[in-house]
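Trainee: coords please:
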Amino acid sequence: MRVSREEFEALVEEALGQLPEEFQAALDNVAVMVEEEPSEEDLEGVGIDAGDPDRDELFGLYQGVPLSERDSFYAALPDRVLIFRGPILRACDTRREVIREVRETVQHELGHYFGLEEDELPF
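Mentor: Model (predicted):
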């Protein structure tokens with residue numbers, strides 16, 4: 001599937017804009033960014049063997065301290081949500097699938113930002 005970087009970034013922005021207002025209002029000190037591919041450290045950090053050619057793809061990654069773990073004195077660099085363009089495009093056959101996967105990945109990673117664990121997330 002081919003989607004330009006600019007178009008992909010626009011899909012990520014659109015996914016952010018589709019969040020319910022109460023979630024949009026709660027986004028503070030978090031940057032949502034598009035990266036082409038996860039690094040070896042990113043993969044290993046979530047238990048994926050970077051050297052395995054049959055490894056699972058990583059579509060997104062949350063890096064930071066979840067809101068549920070912050071206190072009133074929390075001050076740090078912005079948390080980051082990384083959305084990986086290459087893995088999403090390789091996994092999707094149609095533009096509709098790309099749009100759905102981007103939306104689900106953004107929501108999934110922001111779920112971690114809000115303090116949800118993997119087993120609490122809908123996808």
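Trainee: any chance you could map the helices in the protein?
Mentor: 5-17, 21-26, 40-45, 85-91, 95-113 (DSSP state H).
Trainee: who's in contact with the first one?
Mentor: Put plainly, it is helix 5-17. Applying CB atoms under 8 Å, 6 or more residues apart in numbering, the contact partners of helix 5-17 are 3, 24, 32, 34, 36, 83, 85, 88-89, 98-99, 102-103, 106-107. The C-beta positions use only the backbone N, C-alpha and C, and glycine is treated the same way.
Trainee: Need the helices of the chain in TSV (columns: mean neighbour count).
Mentor: Output for these, formatted as TSV (neighbours: other CB atoms under 10 Å):
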stretch	mean neighbour count
helix 5-17	15
helix 21-26	10
helix 40-45	14
helix 85-91	17
helix 95-113	19
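Trainee: sorry, back to before: which one among the contacts of helix 5-17 sits at the bottom for pLDDT?
Mentor: Minimum pLDDT for the contacts of helix 5-17 is recorded at Q24 (90).
Trainee: Now tell me which helix or strand of the chain has the poorest mean pLDDT.
Mentor: Within the chain, no helix or strand scores below helix 21-26, which has a mean of 89 by mean pLDDT, DSSP states H and E.
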